[in-house]
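Chemist: Here's a sequence, model it:
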Amino acid sequence: MNAERILLFIIGLSCLPLAAQQNLPSNLRKTGAEVVSAFEPQRAAMQKCSAVLVSGRKELVYGVVVSSDGLILTKASEVQGITDLEATVDRTRYKDAKVIAIDPVWDVALVKVDAEGLEPVTYAPTSAVPQGTWVVMNGATTRRSRRVLAGIISANAREIPAEGGAALGVALSGEKKLEIGKVQEGSGAEDAGLKKGDVIIEIAGAKVKKIEDIAEVLKDRKAGTVVKIRYERDGGEFEAEVRLAAKGELFGDEMQSRNDVMSGDFSKRRSGFPKVLQTDIICYSHSVGGPLLDLDGRCLGMNIARANRAETFVIPLEELKEIDARLRETAAKG
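Modeler: Here you go, the predicted model:
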């Protein structure tokens, strides 16, 4: 078992003189060669049970292998709309990867590749591990091999509300009626076919006449849920189903905080999750989607969002199993 080696390595670092701790050579830093080599058993497990999802030469996101016959869970918002999606599992490239079901609340997609004999993740007994537990996730990858990033569980499991609240994805321009002045690109409203000039008259069965009415209807709803909208267009009344999004997801540039600016790269969808674990692993937004492993190579959950420079969010394994089951059932129904 390599855990003892890792522990001794960490203790050794803590015993270095203070000046040495502040000026570690590159090979002794968290992403350095000697540190990474200490996690080789976990890297080998990651090599088999994680996928790399790509479009052409562009690496999009990672995935969690959940069946031997080619089912992979990944972050939905990173693969939706990709027509040339491919996946690499271990060192085999699979073309024509297809998104077969999506859970918009959790931002999880089920992808299918034509494969046999894959090695699915082995789940840990529970995701309820103590803070400070060492974990690993996908780091940079080469054409043939995975690398790992190491860190710790840094907070208790909790809900992450939609940043700024849930939103339809429209801007209203009317003073006496709820007339749409703009439909936000990439929003659920755009997907549902709403257009500039439409007048919203009802949401989720509730009549709405002013902005405050909309706020009241949406205040307790989560990003990713779907609401029925009734609206007027050219003298007729129509209905549409609109997926709600976090305001921070739709209006990220306008809502950037100082911490965001310092963070640099983070996931477009990073809030509105019913429950997450949190790690301190510093990664890129395209490094999420894959499994989070403990030191025994067992899956604690799926990395779902790079939130900021100090937080990466993970869907716990218990919820991930339920999502997997629901998506398989949805896919089976066609």
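Chemist: Same question for stretch 70-81: list its buried residues.
Modeler: By neighbour count with 16 or more other C-beta atoms under 10 Å, stretch 70-81 contains the buried residues 70, 71, 72, 73, 74, 75, 76, 77, 78, 79. The way it works is simple: take the backbone N, C-alpha and C, and place the C-beta from them, glycine included.
Chemist: Return the subset of these lying in strands.
Modeler: Mapping these onto strands (DSSP state E) picks out 71, 72, 73, 74, 75.
Chemist: got any ranges where the chain has weak pLDDT?
Modeler: 1-33, 142-143, 174-175, 248, 251-264 (pLDDT under 70).
Chemist: all helices in it, in order from the N-terminus.
Modeler: 3-14, 18-22, 33-38, 40-49, 188-191, 211-218, 247-250, 258-263, 317-333 (DSSP state H).
Chemist: mind listing what's buried in the longest one?
Modeler: Right, the one you point to is helix 317-333. Buried residues in helix 317-333 (16+ other C-beta under 10 Å): 317, 319, 320, 323, 324, 327, 328, 331.
Chemist: isn't the fourth one right up against residue 107?
Modeler: No. When contacts are counted by C-beta atoms under 8 Å, residue 323 is not listed as touching residue 107 (10.1 Å).
Chemist: Pick the one among the ones in strands among the buried residues of stretch 70-81 closest to residue 239.
Modeler: residue 75 (30.0 Å; C-beta to C-beta).
Chemist: ok, now how distant is that closest one from residue 276?
Modeler: 13 Å (C-beta to C-beta, to the nearest Å).
Chemist: care to break this structure down by domain?
Modeler: 1-38, 39-160+267-333, 166-249 (automatic domain parsing).
Chemist: give the contact list for the nearest residue to residue 74 once chain neighbours are set aside.
Modeler: Leaving aside its sequence neighbours, residue 74 sits nearest to residue 63 (C-beta to C-beta, 6 or more residues apart in numbering; 3.8 Å). Counting by C-beta atoms under 8 Å, 6 or more residues apart in numbering, residue 63 makes contact with 50, 51, 52, 53, 72, 73, 74, 87, 111, 289, 290.
Chemist: Can I get the biggest strand by length in the chain in PDB? Just the C-alpha atoms.
Modeler: If you go by DSSP E, the chain has its longest strand at strand 146-160. Taking C-alpha atoms only, strand 146-160 is exported to PDB below (Å, rounded to 0.1, in the frame of the first residue of the first chain):
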ATOM      1  CA  ARG A 146      -3.000  10.200 -17.300                       C
ATOM      2  CA  ARG A 147      -1.400  12.200 -14.600                       C
ATOM      3  CA  VAL A 148      -2.900  13.000 -11.200                       C
ATOM      4  CA  LEU A 149      -3.400  16.000  -9.000                       C
ATOM      5  CA  ALA A 150      -3.300  15.500  -5.200                       C
ATOM      6  CA  GLY A 151      -5.100  17.400  -2.400                       C
ATOM      7  CA  ILE A 152      -7.400  16.900   0.500                       C
ATOM      8  CA  ILE A 153     -11.100  17.000   1.400                       C
ATOM      9  CA  SER A 154     -11.300  20.600   2.600                       C
ATOM     10  CA  ALA A 155     -15.000  21.100   3.700                       C
ATOM     11  CA  ASN A 156     -18.000  19.100   4.800                       C
ATOM     12  CA  ALA A 157     -20.600  18.000   2.200                       C
ATOM     13  CA  ARG A 158     -23.100  20.800   1.500                       C
ATOM     14  CA  GLU A 159     -25.500  22.400  -1.000                       C
ATOM     15  CA  ILE A 160     -24.200  25.000  -3.400                       C
END
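Chemist: What are the buried residues along that strand?
Modeler: Counting neighbours by 16+ other C-beta under 10 Å, strand 146-160 gives 146, 147, 148, 149, 150, 151, 153, 154, 157, 160 as buried.
Chemist: Is residue 42 in contact with residue 138, as I believe?
Modeler: No. If you go by C-beta under 8 Å, residue 42 and residue 138 don't touch, sitting 10.8 Å apart.
Chemist: When those two are compared, which one has more neighbours?
Modeler: residue 138 (29 against 25; other C-beta atoms under 10 Å).
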